[in-house]
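**Q** Attaching a predicted model along with its sequence, questions to come.
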Protein chains: 2
Amino acid sequence: MWSVDPRTGKQREQVGAEATAADVDAAVRAAHAALPALADRDTRIALLRAAADELEADGTRIIASADAETALGETRLTGELARTTGQLRAFADEVADGAYLGVIIDHADTSLTPPRPDLRRYKIPLGVVAVYSASNFPLAFSVPGGDTASALAAGCPVVVKAHPDHPATSELTGAALRRAAAAVGVPQDTVSVVHGFEAGVELVKHPLVTAAGFTGSVRGGRALFDAAAARPVPIPFHGELGSLNPVVITEDAARERAEEIGGGLAGSMTLGTGQFCTKPGFVLAPAGEAGDALLAALTAKVAEAAPGVLLDGRMRDAFAAGVRERAALDGVGAPVAAGEAGENAVTAGILTVDAARLAAEGPHDLLIEECFGPVTVLVRYETAEQAAAVLSRLPGNLTATLHLSAAEGEEEDGTGARLLARLTPLAGRILVNGWPTGVAVTAAQQHGGPYPATTSTSTSVGATAIERWLRPVAYQDAPAALLPAELRDDNPLGLPRRVDGRREG
Amino acid sequence: MWSVDPRTGKQREQVGAEATAADVDAAVRAAHAALPALADRDTRIALLRAAADELEADGTRIIASADAETALGETRLTGELARTTGQLRAFADEVADGAYLGVIIDHADTSLTPPRPDLRRYKIPLGVVAVYSASNFPLAFSVPGGDTASALAAGCPVVVKAHPDHPATSELTGAALRRAAAAVGVPQDTVSVVHGFEAGVELVKHPLVTAAGFTGSVRGGRALFDAAAARPVPIPFHGELGSLNPVVITEDAARERAEEIGGGLAGSMTLGTGQFCTKPGFVLAPAGEAGDALLAALTAKVAEAAPGVLLDGRMRDAFAAGVRERAALDGVGAPVAAGEAGENAVTAGILTVDAARLAAEGPHDLLIEECFGPVTVLVRYETAEQAAAVLSRLPGNLTATLHLSAAEGEEEDGTGARLLARLTPLAGRILVNGWPTGVAVTAAQQHGGPYPATTSTSTSVGATAIERWLRPVAYQDAPAALLPAELRDDNPLGLPRRVDGRREG
């Protein structure tokens, strides 16, 4: 695989190689063989912490490589590495806590009709997990990212399909994870990295692969989802495919904080050159004066934004074409024209359109498809009903954001409450008076929403991401001596659990 | 639709009608319109309890109708109705408890890098759920069954595709549920019943249907699963498709309790004329004397079993053909020949084969496919390795059962523990020294296992079945006045939750 510098478009070095079907098979079989080594929870805790340590120890080299391959910059990548190691350690804590095992014990009750046997339920790892790396997060959503961390935490070995935009970083981080495995005495093949498009297809079809995690485009993700569903034995496919991340700004909010909201939107949509999956790409703003002031503030800020380099040349071309195609639609304005800036950079832009254009199906539906990169569509609405009509036409999203006036935020049954209820069906995370870029890694996070945002109801960020790689099993009338430690009456692991309907711990 | 008496093969009465695409569309739209009415948890609790009451009030008529359409007998159906009403009430209790909402609150923490916003997560209903009724449980896995009960508990309106084997019972029980809806003041269309094969296909494809539950055959279930996955917006499809329910009997267990195990197996495999999805259909028993004694006990009991009527004529023909085809394989014995008994009944039977015949792919693989009805395959093994080799070739199952000697059940690292570990990957419920027919409705139950037993990792029985119909949503920095009651700091609903990492309630 060629590692390419997107700032110059030049090949940097050749690293790794396209995996053949036999390579993928070998990686999956070796991962499967590592399954028993992950059964012990203390081993998993040690592995996750060692992985964080190894990544930090090689941090300078990893960040330099990631920057050279993605142009995301050292500051951002330093933060992303911290997020990545933080995730690994947070999952170690989740394993130690053990609530994710969902232990439920119902003792036998012969007084019932019919009599109830002894039943004890917890969750076990599914098996080998396939992880598909993202282009836009070479660390936190790639080889050592949240999918890998949560799968290892669950006890699942991982085979990662590297993203072609950062093969060198994938190799470096994969090596760090394999060193961590060796350090804690589990097989290095607990984590493998494979390269190449065909390898990705082989991987999702492999009989020993039991689940997949994916972050990427609707087109690529849907093809893999379809392959996962079409297998003789279908497997869960947790894919994050794309999101418009709609924002609704009320007239009162615009009147109150036009400058602040316009500036905040400009910052969020241009952050990381608009390459976040949570970029606010579709904004309902009021027509009239208050909205005009907001647009003016937005325009001024976006016009000032420095050009940025997209992750690769294909994305740059797709961005330029996507903006051109949208700007050419009837009634679409471009107060700041996005486009190419020199050979390898792009500038941010804004598109505007009246909400009426989106009332019914038509060519303007292109505006309700994600355009990856630093552009957002400002939709001007005349009435609340018009805004609601546009919202009802949107596909599923990772996030939806509401900007309210101070008064609207304080009224229990007013405009704010109504709009929050309207946005909730559209997304997995609903923000008020904030911006969706920046996804906190915490237990209450939900980074996943209705299709196409996500192909399942799961989250890929936060503690509950571990749930994706587990399945429940119940033991009926198993003798005490044969029960796993997690299910014994004396609770040797100190797990939180539900016993005969009573919560403990 | 014609209601048919399987005891006579005669048409009883015409009831309901095949739903057209327009009928299905109307039912789904009406169900969707009922969604807001289910948002209040007290309403859902009242609805579930009223549904149980209405079913009991019309119990005599419902049981008579179900018996006339399925030949399952009054005793069994009286028990099944009690199970059904018990399920509805148990889900009301789960709604009241509220742990299923998975409330997690992480307060803002500006001391962190990056600062953490206020995030509050819980689960909301997906929307309209399609339920596909089972043939073999006209109540507990049909119109008023566990899928419907758990979906209503989650807050999801339901459209049920009735099973053609019991249209009259489907109409009666559907009417009871609709009366319950009216009694608690929610739209009757919260539950609808539709009939007909094409209606089932239309239903899973309807854009407003958000998830499906299914109990039935591999063929029918897989077709609907494929349709659910192929939608423009794919939806979760929780299907229970088929299961061999393997049993492993150790030589020591056979030596200790040949009579008891043989008799127990005969009782379990002929229960309900072998029409339970948990029927033990594949038994690994030792070669040699102890196994011979077990086979003798089994043979004696099965030979004594009274003939029974299968659910419909198509199943009776499929059973007879399935047994014939299996018995004709090289080396397959039939110490008790199953088959047709008079025009509408069948007798139970046993097939035997040496484990060596199943060591590798071949025509004998027919024996590792479910044969619905009162027949089981006794596979005689010479060594533990041979038994293990056969187990490694089995598809996924709802249950797997182990019969051990008293001594094997007491040894922490012996034969029993090794076999339990070997059976765990094969099924969702693992039993020791019991029989898999009879599925307790309780929180620790897991009625679901690796494909084809189930098309997802969920359970269709027990408290956690509610998880299938929910998705998480997180609110970020939402003002207190706008938060749903479930997520407010003062916890007005008294829900168990996790706040800043600490479990409450």
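**A** Cool, the structure landed. Residues are numbered from 1 along each chain as shown, chains lettered A, B, ... in the order given.
**Q** from here on, contacts and neighbour counts on C-alpha atoms
**A** Fine.
**Q** partners of the nearest residue to residue A:307 once chain neighbours are set aside in the sheet?
**A** Across the structure, with Cα to Cα, 6 or more residues apart in numbering or on different chains as the measure, the residue nearest residue A:307 apart from its sequence neighbours is residue A:347 (4.5 Å). Using DSSP bridges, the bridge partners assigned to residue A:347 are residue A:339.
**Q** What is the burial count for residue A:347?
**A** Here the number of neighbours of residue A:347 (other Cα atoms under 10 Å in any protein chain shown) works out to 25.
**Q** quick one: it and chain B, what's the gap?
**A** 27 Å (Cα to the nearest Cα, to the nearest Å).
**Q** Tell me the pLDDT of that residue.
**A** Turning to residue A:347, the model gives it a pLDDT of 97.
**Q** Show the contacting residues for it.
**A** Contact analysis of residue A:347 by Cα atoms under 8 Å, 6 or more residues apart in numbering or on different chains lists A:305-308, A:337-341, A:374.
**Q** at 6 Å instead, please
**A** For residue A:347, the contacting residues are A:307, A:338-339, taking Cα atoms under 6 Å, 6 or more residues apart in numbering or on different chains as the criterion.
**Q** Pull up the gap between it and residue A:217, please.
**A** 22 Å (Cα to Cα, to the nearest Å).
**Q** Repeat that for residue A:266.
**A** When distances are taken as Cα to Cα, residue A:266 and residue A:217 turn out to be 24 Å apart.
**Q** Tell me which of the two has more neighbours.
**A** Comparing residue A:266 with residue A:217 by neighbour count (other Cα under 10 Å), the higher total belongs to residue A:266, at 28 against 21.
**Q** Could you name the helices and strands sitting against the helix or strand the more buried one falls within?
**A** Here residue A:266 sits within helix A:251-270, counting by DSSP states H and E. Judged by 3 or more Cα pairs under 6 Å, 6 or more residues apart in numbering or on different chains; DSSP states H and E, the packing partners of helix A:251-270 are helix A:288-304.
**Q** In the helix it packs on, which residues are buried?
**A** For helix A:288-304, burial by neighbour count (16 or more other Cα atoms under 10 Å in any protein chain shown) applies to A:290-303.
**Q** Past it, which element shows up next along the chain?
**A** Going C-terminal from helix A:288-304, and assigning secondary structure by DSSP H and E, you next hit strand A:308-309.
**Q** Can you list phi and psi of residue A:132 for me?
**A** Backbone dihedrals for residue A:132, given as degrees, to the nearest 10, come out at phi -110, psi 120.
**Q** tell me how far the helix or strand bottoming out on mean pLDDT in chain A is from the chain's mean position?
**A** One helix or strand of chain A scores below all others by mean pLDDT, DSSP states H and E: strand A:339-341, with a mean of 87. Distance, stretch centre to chain centre, for strand A:339-341: 28 Å (Cα atoms, centre = their mean, to the nearest Å).
**Q** before we move on, what about stretch A:425-442?
**A** Using Cα atoms, centre = their mean, the mean C-alpha position of stretch A:425-442 is found 12 Å from that of the whole chain.
**Q** What lies in contact with that stretch?
**A** Under Cα under 6 Å, 6+ apart, the answer for stretch A:425-442 is A:278-279, A:396-403, A:446, A:448-449, A:462, B:473-478.
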